[in-house]
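Asker: One predicted model, sequence on top.
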2 protein chains.
Amino acid sequence: MNRPELLLVLIGFGHVARRFVKLLDEIADRLDFTWKIVAVATKHHGSVVDLEGIDMARAIAKFEGSQSLDRLDAAPRERSGIDVIRQVADALADEAAEGRLICVETTVLDIDRGEPAVSHVRAALEGQAHVITANKGPAAFAYHELEALAESVDRIFFFEGAVMDGVPVFNLVRETMPAVTIEGFRGIINTTCHYVLSELERGREFSQALAEMQMRGIAEADPTLDIDGWDAAAKTAALVNVLMGSAITPHHVARTGIKDVDGLDVRDALGRGKRVRLVASASRVGSKVRALVEPEMLDKTDPLFSLESLDNALYLDTDLLGQVGIVQRSSGLTQTAYSLVTDLARISQRLREF
Amino acid sequence: MNRPELLLVLIGFGHVARRFVKLLDEIADRLDFTWKIVAVATKHHGSVVDLEGIDMARAIAKFEGSQSLDRLDAAPRERSGIDVIRQVADALADEAAEGRLICVETTVLDIDRGEPAVSHVRAALEGQAHVITANKGPAAFAYHELEALAESVDRIFFFEGAVMDGVPVFNLVRETMPAVTIEGFRGIINTTCHYVLSELERGREFSQALAEMQMRGIAEADPTLDIDGWDAAAKTAALVNVLMGSAITPHHVARTGIKDVDGLDVRDALGRGKRVRLVASASRVGSKVRALVEPEMLDKTDPLFSLESLDNALYLDTDLLGQVGIVQRSSGLTQTAYSLVTDLARISQRLREF
């Protein structure tokens, strides 16, 4: 197969999914695959299935004009994301069997159970579709179950965007560090908290800084998920599950958020050459993994100390390479959307190898 | 092919090659291939070819006891590295055709022309062997020629160890950043200079710090290659050739070393909150690439500022992901030897996919 045609089912059609659709068009000539979007399911704006390929400019215009996507469907009906996945997997069973059907999952995270994302991934794999997601939920709550399912049907379940957007974390270990064991990690992986703490250093109010992160679309829809450390805990659980072979959920991460961090304390620390940052970490303790998200007092020699307020960084403790760091110095919708492109490119590569 | 058997020809048998041989044994159960070392060629300690597999414990003992490896050969004779490559490629033509013959090149770099490494790589590829090397020379001096040759014979030419040991740089871009364009980079990639400048800050003498780097086996055999910036220039040329698609040699890199850097100036800078560091960088200027190695005055907000004296770091400017950094916080023989393992694992993966 020279340039395979991938058939995409978009479950979730928020900012990330729409930027992804546009990004694919922008970089089409650099990709070793072509694609067709055959379904879009949204929570509040209906859904559309068109096996010939949806006119995405129209779909985006409808969505952004707060109209229902149902109007683009030849036989519109009330259906859930799972209904859409099953409908397409049935209709395109041959293409799914060839490995060309891909579910692109970008729904909003529910931190209690990782739903509905986990169910979407399960339904897609059961329908022989590959799954790529920018959602933390599936890897944080059900990685081992979903990975086993993916292997049993010989499909890919990838989620590079779950941590640090498209900057490679999971791919970094999977693709470039063969035979290496990850002993632990430590990092700053929640941008909203990092920004709020940095702004407190400058004398700004907590609520103002947080409001700015919401306005810029960086904070979660419910910003308490950031502030209480849930977002970092979900990412930490995903990292532990995937890189360290343990099986935990975000509820197993010892978690302290930043809502009780006081601006005076932060500025006092800075006066003494220290910085307060929300740090996510994990280490092996005997046969278990200890996972933590909590504000730490960093001193100047800490590699996390000098990060800019919108940077993320993750330092991996490895057995063969010692400590290796990966740093993200720019973040935004394009970076998150790109994470889906990198996962898609890997599926395409696999198709081309066969 | 489930667990392919790789046949290795070691050209160069210094510290890196010997650590590589031991490391393979140590992590054998994590590797998805088996291997046999069928030839070792050295500059001053003879050579041995044994298609049944060399007893490497004996070979290492002979070498470290300053005895010739010729004694291990059934038909010993005077021969160059190229002679050894050709002899084995002839004798194992079937295995080479199957893609199981691999030349592991670890000779000492000649900064004028990148020889003899470039000739070794060429001879190995002509003999249908894959080539992996920890040597900067081939990628710095002849990347495009050798890569074209490798493609024409459908063989791999990899050199992850050329920059930042086994910490992924080339693999990072090749394997985890599909469709991304590298616009430039900036980093600290020579440990000896980094250490010497850090020690100057502490009031130590230049010559003392350099002597320590030599004693610890980190400085090049000829340390002026570090101090004059040649090592960093060779790495810069390799990065430019591979990541930015340009075709340069180390001689095209505008290069200023650190030998004229004065300890007083370094300490004076530190007093003003700044640090002098040898920085390697490249950027696009129109259709050309401008590559530089020179001492820079870093201020505190620079991501390179807070690196420890033995750390290396490289920040890539990308179009889709913004700035992405990779940081090496531990270095040593194992890290360099591991770079060869990672290249080998990729060859094995390719064999298993077919």
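Answerer: Received it, and whenever you're ready, just let me know what you need. Because the structure is predicted, anything quoted here is derived from the model rather than measured.
Asker: which ones are touching residue A:60?
Answerer: A:18, A:21, A:22 (CB atoms under 8 Å, 6 or more residues apart in numbering or on different chains). Using the backbone N, CA and C atoms, a C-beta is placed for each residue, glycine as well.
Asker: got a winner among these for most neighbours?
Answerer: Most neighbours among the contacts of residue A:60, by other CB atoms under 10 Å in any protein chain shown: residue A:21, with 23 neighbours.
Asker: you'd agree residue A:121 is in a helix?
Answerer: Yes: Residue A:121 forms part of a helix when assessed by DSSP: H, G, I helix; E, B strand; the rest coil.
Asker: which secondary structure element contains residue A:103?
Answerer: Using DSSP states H and E, residue A:103 sits within strand A:101-105.
Asker: ok, that strand: who's next to it in the sheet?
Answerer: strand A:5-11 (parallel), strand A:130-133 (parallel) (DSSP bridges).
Asker: Which of the ones you listed sits closest to residue A:91?
Answerer: Nearest to residue A:91 among the strands paired with strand A:101-105 is strand A:5-11 (10.3 Å), distances taken as CB to CB.
Asker: before we move on, back to that, what comes into contact with the strand holding residue A:103?
Answerer: Contacts of strand A:101-105 (CB under 8 Å, 6+ apart): A:6-12, A:17, A:20, A:85, A:88-89, A:92, A:95, A:117, A:120-121, A:124, A:127-135, A:138, A:340, A:344, A:347.
Asker: hmm, try it at 7 Å
Answerer: Taking contacts as CB atoms under 7 Å, 6 or more residues apart in numbering or on different chains, the residues outside strand A:101-105 that touch it are A:6-12, A:17, A:85, A:89, A:92, A:95, A:117, A:120-121, A:124, A:128-133, A:135, A:340, A:344, A:347.
Asker: what mean pLDDT does the helix or strand encompassing residue A:199 have?
Answerer: Assessed by DSSP H and E, residue A:199 sits inside helix A:191-201. The average pLDDT within helix A:191-201 is 97.
Asker: angle of whichever helix or strand comes after that helix against helix A:191-201?
Answerer: Per DSSP H and E, helix A:191-201 leads on to helix A:206-215 as the next helix or strand towards the C-terminus. Comparing the axes of helix A:206-215 and helix A:191-201 via axes from the mean of the first three to the mean of the last three CA atoms, to 10 degrees yields an angle of 140 degrees.
Asker: ok, then the element right after helix A:206-215?
Answerer: helix A:224-227.
Asker: What would the next helix or strand after that following helix look like as CSV? C-alpha coordinates only.
Answerer: Sequence order places helix A:230-243 as the next helix or strand after helix A:224-227, per DSSP H and E. Output in CSV follows, covering the C-alpha atoms of helix A:230-243 (Å, rounded to 0.1, in the frame of the first residue of the first chain):
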residue,chain,number,x,y,z
TRP,A,230,-6.7,16.3,39.0
ASP,A,231,-5.4,17.0,35.6
ALA,A,232,-1.8,16.4,36.7
ALA,A,233,-2.9,13.3,38.6
ALA,A,234,-4.6,11.9,35.5
LYS,A,235,-1.4,12.5,33.4
THR,A,236,0.7,11.0,36.2
ALA,A,237,-1.5,7.9,36.2
ALA,A,238,-1.2,7.6,32.4
LEU,A,239,2.6,7.9,32.7
VAL,A,240,2.8,5.3,35.4
ASN,A,241,0.5,2.8,33.6
VAL,A,242,2.3,3.1,30.3
LEU,A,243,5.9,3.7,31.2
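Asker: and the helix holding residue A:199, what does it pack onto?
Answerer: helix A:206-215, helix A:224-227, helix A:263-271, strand A:275-285 (3 or more CB pairs under 7 Å, 6 or more residues apart in numbering or on different chains; DSSP states H and E).
Asker: got the ones you listed as TSV, with distance to residue A:30, mean neighbour count and mean pLDDT columns?
Answerer: Below are these laid out as TSV (distance: least, CB to CB, whole Å; neighbours: other CB atoms under 10 Å in any protein chain shown; pLDDT from 0 to 100):
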stretch	distance to residue A:30	mean neighbour count	mean pLDDT
helix A:206-215	32	15	94
helix A:224-227	34	22	95
helix A:263-271	43	15	96
strand A:275-285	33	21	97
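Asker: I'd like those laid out as CSV, including distance to chain B.
Answerer: Output for those, formatted as CSV (distance: least, CB to the nearest CB, whole Å):
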stretch, distance to chain B
helix A:206-215, 18
helix A:224-227, 21
helix A:263-271, 13
strand A:275-285, 12
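Asker: how about those, which one is nearest residue A:64?
Answerer: helix A:206-215 (18.3 Å).
Asker: what helices or strands is the closest one leaning on?
Answerer: Helix A:206-215 packs on helix A:191-201, going by 3+ CB pairs under 7 Å, 6+ apart.
Asker: follow-up on the earlier one: for the helix holding residue A:199, the distance to its chain's centre please.
Answerer: Distance, stretch centre to chain centre, for helix A:191-201: 21 Å (CA atoms, centre = their mean, to the nearest Å).
Asker: now for the longest helix along chain A, which elements pack on it?
Answerer: Looking across chain A with DSSP state H, the single longest helix is helix A:333-353. Applying 3+ CB pairs under 7 Å, 6+ apart, we find helix A:333-353 packed against strand A:5-11, helix A:15-26, strand A:101-105, strand A:130-133.
Asker: deepest of the ones you listed, which one?
Answerer: Stretch with highest mean neighbour count among the helices and strands packed on helix A:333-353: strand A:130-133 (a mean of 29; mean count of other CB atoms under 10 Å in any protein chain shown).
Asker: Need the residues that contact that strand.
Answerer: Contacts of strand A:130-133 (CB under 7 Å, 6+ apart): A:99, A:102-106, A:117, A:121, A:124-125, A:155-159, A:340, A:343-344, A:347.
Asker: Cool, thanks, signing off.
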